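*Asks:* Could you look at this predicted model? Sequence included:
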Amino acid sequence: MHRDGINRRTILAASTAVAAAMILPRGAQAQSSAGALPARGEFVIRGANVLTMDATLGDLASGDVHVRNGAIVAVGQNIAAPGAEVIDGRGMICMPGLVDTHWHHWTNIFRPLVRNDVGSLGYFPVTAKFGPHYQPVDSYRSVRLGLAEALSAGITTTHNWSHNTRSPAHADAEIKAMQDVGMRGRFAYGTALGVGNDQPMDLADLARVKREGLPGDGMITLGICSRNVGNDPNPTRGTVTIEMAKREWGGARELGLPITLHTSGPRVTKLLDDAGLLGRNVQFVHPLNTTPEDRAIMAAKGVSYSISPIGESRRPVSAGVIQLGELLEAGVRASLSIDHVTTYNCDLFVGMRLLYSQNLHRLGGKVRVTTKRLVELSTIDGARDLGIADKVGSLAPGKRADLILVRTTDINIAPVGDPYDAIVFLAQPNNVDTVVVDGRILRRKNQFTALDHAKVLQEAAETIAALRGRAG
Ligand SMILES: [Zn+2]
């Protein structure tokens with residue numbers, strides 16, 4: 001559907017269809033979305049500069065990647081693949097899809113509403129004002145909008161940090177958006193904005209989602225996003241006591257689910273460790289104020305650390321600084337994330353670039369972070385953070401085919417010398433030519449193969465207008 005073909009009637013019809021989909025039994029939802037995605041076929045990418053991010057396979061200056069039924073079947077040179085569609089990889093870097101490890105997708109539609117330089121219109125007041133007015137269809141459209149941007153920027157896995165899970169229907173809507181777009185990821189079930197800090201999250205519905213709410217193809221996993229714990233100064237997401245955290249985290253762990261939380265506040269790491277709550281299934285987001293003791297605890301307990309370089313580098317120094325060098329030196333597991341896109345765009349290339357610069361700027365080479373290390377953090381280490389490194393994050397036979405082709409003939413990147421330098425210092429989302437998730441080609445020559453771009457935008461605009469009305 002083209003923009004010109006959209007009128008109010010078609011918008012309303014589409015809205016009704018989405019709303020209806022929210023209350024269909026799950027089987028029917030799965031059927032409708034599966035039909036919209038391209039099939040997992042068989043193809044071979046030939047002649048690309050392949051960065052496998054696999055320690056054994058290494059890199060190939062001119063190599064092939066053979067994909068069949070969603071899986072990588074071979075990586076090498078001159079692979080025999082009779083019958084497979086040939087994709088010309090010459091002039092391209094072929095690498096694992098980028099992995100985002102924390103992103104509040106329900107806020108993706110807020111670009112027209114948030115102002116980074118006007119305090120009263122900042123991210124937190126705007127999300128707090130509009131969040132309570134969300135209906136499931138708003139969650140669906142907001143998530144879908146950001147997933148479309150993520151795909152176009154080379155991200156094939158995202159960690160959907162849903163800290164406005166207002167009801168079971170809202171949870172289903174967010175998961176359905178991930179499924180409909182074909183994105184891999186984790187859905188982190190949260191609490192609704194505005195819910196009292198003395199009210200526990202809906203552990204019964206969490207169990208329902210685990211039991212019957214996820215698609216059967218393993219593309220989407222489940223976790224929880226905890227409210228902040230202890231004396232965190234930022235109350236807009238909610239701040240719960242250590243007793244409430246024990247109750248909620250215990251509920252998640254009984255279901256075998258991982259936990260993520262924002263930890264900008266001081267001394268949270270020690271507080272959680274003293275309560276016996278830390279382990280490898282815990283991810284911290286934005287811990288900008290870590291002490292050497294905090295880092296030692298995180299390393300010892302296997303807690304991972306998600307850095308959102310673009311947003312974090314805008315914070316005043318008083319809020320803490322990005323400590324990539326110190327964290328890597330201490331042996332803390334790290335990964336990269338987008339966080340939100342209300343006042344910047346989705347660009348993990350810029351994220352890597354910022355981290356490189358910021359590390360040199362602060363530490364002057366005391367802790368060396370190479371461009372290859374940054375690409376690892378954005379691919380295989382992100383997959384490790386989300387517990388799916390056995391499936392994705394590198395290109396190797398047997399793994400699921402999540403990969404991107406980055407065009408190296410564009411004016412901003414050509415001519416290419418070291419491919420890692422090109423990815424970190426030069427690449428832009430617009431250079432991402434082809435995006436493959438689980439063997440489905442979702443973007444080709446910078447275009448979506450299935451997603452209706454105009455419809456995604458138009459329905460997002462409808463939701464913004466409706467929210468403005470409901471929120472007054
Ligand atoms: Zn965040």
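*Replies:* Noted; the coordinates are in hand.
*Asks:* how much space between the nearest residue to Y344 once chain neighbours are set aside and Y420?
*Replies:* With sequence-adjacent residues excluded and distances taken as Cβ to Cβ, 6 or more residues apart in numbering, Y344 is closest to I310, at 5.1 Å. To be clear about C-beta, it is placed using only N, CA and C from the backbone, and glycine gets the same treatment. Per Cβ to Cβ, to the nearest Å, I310 is found 20 Å from Y420.
*Asks:* which residues are in contact with the helix or strand encompassing the residue nearest to Y344?
*Replies:* In this assignment (DSSP states H and E), I310 forms part of helix 309-312. Here helix 309-312 makes contact (Cβ atoms under 8 Å, 6 or more residues apart in numbering) with 286, 288, 322, 336, 338-340, 344, 347, 350-352, 354-355, 358.
*Asks:* Alpha carbons of the helix or strand just after it, as CSV, please.
*Replies:* The helix or strand immediately downstream of helix 309-312 is helix 324-329, counting by DSSP H and E. Output in CSV follows, covering the C-alpha atoms of helix 324-329 (Å, rounded to 0.1, in the frame of the first residue of the first chain):
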residue,chain,number,x,y,z
LEU,A,324,33.8,0.3,28.8
GLY,A,325,37.6,0.2,29.4
GLU,A,326,37.3,-0.4,33.1
LEU,A,327,34.6,-3.0,32.7
LEU,A,328,36.4,-5.0,30.0
GLU,A,329,39.6,-4.8,32.1
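*Asks:* starting at the chain centroid, how far to helix 324-329?
*Replies:* How far helix 324-329 lies from its chain's middle: 22 Å, per Cα atoms, centre = their mean, to the nearest Å.
*Asks:* next one: stretch 119-137
*Replies:* With Cα atoms, centre = their mean, you get 20 Å for stretch 119-137.
*Asks:* So for that stretch, what gets flagged as buried?
*Replies:* Residues of stretch 119-137 classed as buried: 122-123, 125-127, 130-131, 133-137 (neighbour count, 16 or more other Cβ atoms under 10 Å).
*Asks:* Let's have those residues in CSV, adding distance to L147.
*Replies:* Below are the buried residues of stretch 119-137 laid out as CSV (distance: Cβ to Cβ, whole Å):
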residue, distance to L147
G122, 24
Y123, 19
P125, 25
V126, 21
T127, 18
F130, 20
G131, 19
H133, 22
Y134, 17
Q135, 19
P136, 16
V137, 16
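*Asks:* quick revisit: which of the contacts of helix 309-312 fall within strands?
*Replies:* Residues from these lying in strands, with DSSP state E as the criterion: L336.
*Asks:* Using ChimeraX, make a named selection holding only the buried ones among the contacts of helix 309-312.
*Replies:* The buried residues among those can be selected in ChimeraX (16+ other Cβ under 10 Å) with this line:
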select :286,322,336,338,339,340,347,350,351,352,354,355,358
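*Asks:* Nearest to S226 among the contacts of helix 309-312?
*Replies:* H286 (13.6 Å; Cβ to Cβ).
*Asks:* and the closest one, what does it touch?
*Replies:* H286 makes contacts with 262-264, 306-308, 312, 339, as judged by Cβ under 8 Å, 6+ apart.
*Asks:* and it, how far is that from S313?
*Replies:* 11 Å.
*Asks:* follow-up on the earlier one: now, among the buried residues of stretch 119-137, which is nearest to D198?
*Replies:* Among those, and counting by Cβ to Cβ, the member closest to D198 is G131, at 18.9 Å.
*Asks:* from the buried residues of stretch 119-137, which ones fall inside helices?
*Replies:* 123, 125-127, 130, 136-137 (DSSP state H).
*Asks:* Keep only those of the contacts of H286 that are in helices.
*Replies:* Among the contacts of H286, the members falling in helices (DSSP H) are E312.
*Asks:* of the contacts of H286, closest to K366?
*Replies:* For those, the nearest to K366 is I307 (18.0 Å; Cβ to Cβ).
*Asks:* For burial, what's the neighbour tally of that closest one?
*Replies:* Applying other Cβ atoms under 10 Å, we find 28 residues neighbouring I307.
*Asks:* so it touches S335, yeah?
*Replies:* Yes: with contact defined as Cβ atoms under 8 Å, I307 and S335 form a contacting pair (7.3 Å).
*Asks:* Would you confirm that I87 contacts G47?
*Replies:* No: look at I87 against G47 with Cβ under 8 Å: they stay out of range, at 9.6 Å.
*Asks:* Roughly how far does A401 sit from D438?
*Replies:* Distance of A401 to D438, given as Cβ to Cβ: 7 Å.
*Asks:* between these two, what contacts are shared?
*Replies:* Joint contacts of A401 and D438 (Cβ under 8 Å, 6+ apart) are G70.
*Asks:* out of the two, which sits in the busier spot?
*Replies:* For A401 versus D438, neighbours defined as other Cβ under 10 Å are more numerous around A401 (27 against 24).
*Asks:* sorry, back to before: biggest separation within the contacts of helix 309-312, which pair?
*Replies:* Within the contacts of helix 309-312, L288 and D347 form the most distant pair, 20.5 Å apart (Cβ to Cβ).
*Asks:* In contact with R353, which residues are there?
*Replies:* Per Cβ under 8 Å, 6+ apart, neighbours of R353: 424-425.
*Asks:* how about 6 Å then?
*Replies:* V424 (Cβ atoms under 6 Å, 6 or more residues apart in numbering).
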